[in-house]
Every structure is written in C-alpha cells, then in structure tokens.
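**Q** got a structure for you, letters missing:
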C-alpha cells in the first residue's frame, strides 16, 4: 500500500497547496532554478524547495486563527505544523514546511530534527 494512503484527502490538498505556495514564492523572489523534495516519514510530510538565493525567507507575523488567510507564506504557516529556512552548502537556501497527519504522534519531532534532516539532503536538493 502506498505510504500516502493513510492521509486524509484534506491533508493531501493541504500538501499540494503548501508545495505550490513554496514553489511560487521561490519563482517570484529567487530568480534562480529551484528544486523540490517531498519526504513522507512517520505520518509527517516534509516539503522542501531549494534555490540559489542566499537571502533567507522572511516569515510574516502569525495571524489569528479567526483571520482569513488565502495565499503565500501566511497560508504555509497556517497549514504546516513546523516550517523554516536552512542555508545550503552552495550558498542558497531551502525553505521547508512539515505537515502531519491529524493522528500523528509528533512528540519526538522538533524543528531541530528537521534541520538535521535538511542538512543531510542539501547536496541532493540542489537544482
């Protein structure tokens, strides 16, 4: 059975939305080729987009849950459980977000764990 079978359909739509928003942000601001990597591990999906622009992403301030968010990085923030920006060895960056299945246990998963994962794949993600 494919590993994504357990994901509810609304989380699949969220994953597509987050990937599209991260790619759109890179295309609009980086001015370089981009790379995309998806990894599903223990009911958590990491979506990572790399580019050659060394400037880190500027995450906007959080919005209240009651405020509508329709696009861009605020939407990525709303849909993801953790997100970040990590530099690559070649001088670019990887902007990433993690989505979890609603029933997933995330107690052992932290932002530091995802930074370690990203540091291990920086060479693979490069466009």
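**A** Happy to help now that I have it. Here the structure is a predicted model, which means the values were calculated and not measured. Residues are numbered from 1 along each chain as shown.

**Q** buried sites along stretch 75-86?
**A** Neighbour counts using 16 or more other Cβ atoms under 10 Å place 75-80, 82-84, 86 of stretch 75-86 among the buried residues. Using the backbone N, CA and C atoms, a C-beta is placed for each residue, glycine as well.

**Q** stretch 55-74 too?
**A** For stretch 55-74, the neighbour count (16+ other Cβ under 10 Å) marks 57, 69, 73-74 as buried.

**Q** so the residue lying closest to residue 52 once chain neighbours are set aside: helix, strand or coil?
**A** Nearest residue to residue 52 in three dimensions, chain neighbours excluded: residue 32, at 3.6 Å (Cβ to Cβ, 6 or more residues apart in numbering). Of the three states, residue 32 takes coil under DSSP: H, G, I helix; E, B strand; the rest coil.

**Q** cool, and residue 78?
**A** helix.

**Q** now do the same contact list for it.
**A** 63, 69 (Cβ atoms under 8 Å, 6 or more residues apart in numbering).

**Q** follow-up on the earlier one: in strands, which of the buried residues of stretch 55-74 appear?
**A** Among these, no member is found in strands (DSSP state E).

**Q** what's the most distant pair in the residues you listed?
**A** Using Cβ to Cβ, those span at most 16.5 Å, a distance reached by 57 and 69.

**Q** could you check how far residue 89 is from residue 27?
**A** Distance, residue 89 to residue 27, using Cβ to Cβ, to the nearest Å: 23 Å.

**Q** who has more neighbours out of the two?
**A** Legend: neighbour count by other Cβ atoms under 10 Å for residue 89 and residue 27, higher for residue 27 (13 against 9).

**Q** is it correct that the more buried one is in contact with residue 33?
**A** No. In this structure residue 27 lies outside contact range of residue 33 using Cβ atoms under 8 Å: 10.0 Å.

**Q** helices of this protein, residue ranges please.
**A** Ranges of helices within the chain are 9-29, 72-79, 111-125, based on DSSP state H.
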